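Student: model this:
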Amino acid sequence: MESIINQFKSIATTCISDAMQGLNNLDPAIKPLKEEYRFAGRALTVKTAVGDNLAVLKAIRESKPGDVIIVDVKGDRYRAIAGDFVVGMAQTMGASALVVDGAIRDIAAIKALNFPVFSKGSTVAASGKAGTGEINVPISCGGISIQPGDIIVGDTDGVVAIPQSIEQEVLDKALDKMAKDEERESKIAGNIEEIKKYLDGMLAK
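Tutor: Okay, the predicted model is just below:
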């Protein structure tokens with residue numbers, strides 16, 4: 001049987017969001033460095049102080065292939081939580097993505113790695129390594145509560161978090177939504193009469 005992670009990889013974040021009524025979308029300011037980036041994996045959570053990324057290094061060291069390293073840095077955009085060297089290590093260790101509610105740096109070099117990085121933007125300032133922070137603890141990232149092991153999915157539209165307790169339910173609803181969207185598209189695309197019927201039905205509600 002195909003793993004639940006692989007099934008989520010084939011579903012747009014918009015469908016997953018709809019399946020959860022939009023309640024678990026990370027801040028829309030968190031975007032991929034490249035539009036083609038998409039990923040799905042389990043959260044390896046990082047809570048760190050603003051301007052300190054030692055906990056990120058610990059997360060990379062403890063990561064398993066497929067993990068999504070997701071970092072709560074309180075939305076800070078002044079100091080980068082990672083540059084190309086740190087991102088390269090995460091890629092080599094087999095992580096599937098890095099998601100941060102803050103900034104990164106070395107943009108051109110990171111893009112050359114072709115590794116999914118989602119952030120609020122870029123900066124030139126580096127983080128320090130005082131050591132404040134924890135991994136595999138509950139965090140808030142992009143305004144959403146995330147537990148270690150939750151499924152995180154990202155694509156060009158943004159990032160969604162799926163709590164473990166409802167992951168199968170969300171998968172089923174998202175697959176159903178995707179199938180209905182595809183059926184609707186095939187029925188009305190390029191068909192003026194079907195478009196009119198659809199719009200009449202929506203406007204009559």
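
Student: Tell me the strands beside the strand ranked longest in the chain, with direction?
Tutor: When the chain is parsed with DSSP state E, its longest strand is strand 39-48. Sheet pairing of strand 39-48 (DSSP bridges) gives strand 68-72 (parallel), strand 133-135 (antiparallel), strand 151-155 (antiparallel).

Student: Contacts for the first one, please.
Tutor: Looking back up the chat, that one is strand 68-72. 39-48, 56, 59-60, 63, 81, 90, 95-102, 139-141, 146, 152 (CB atoms under 8 Å, 6 or more residues apart in numbering). C-beta here means a position set from N, CA and C on the backbone, and glycine is covered the same way.

Student: ChimeraX command for the buried members of those residues?
Tutor: Of the contacts of strand 68-72, the buried ones can be selected in ChimeraX as follows, counting by 16 or more other CB atoms under 10 Å:
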select :39,40,41,42,43,44,45,46,47,48,56,59,60,63,81,90,95,96,97,98,99,100,101,102,139,141,146,152
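
Student: helices or strands next to the lowest-mean-pLDDT helix or strand in the chain in the packing?
Tutor: Every helix and strand of the chain was ranked by mean pLDDT, DSSP states H and E. The lowest is helix 192-203, at a mean of 80. The elements that helix 192-203 packs onto, with contact taken as 3 or more CB pairs under 8 Å, 6 or more residues apart in numbering; DSSP states H and E, are helix 167-188.

Student: how about the helix it packs on: buried residues?
Tutor: 167, 170-171, 173-175, 177-178, 188.
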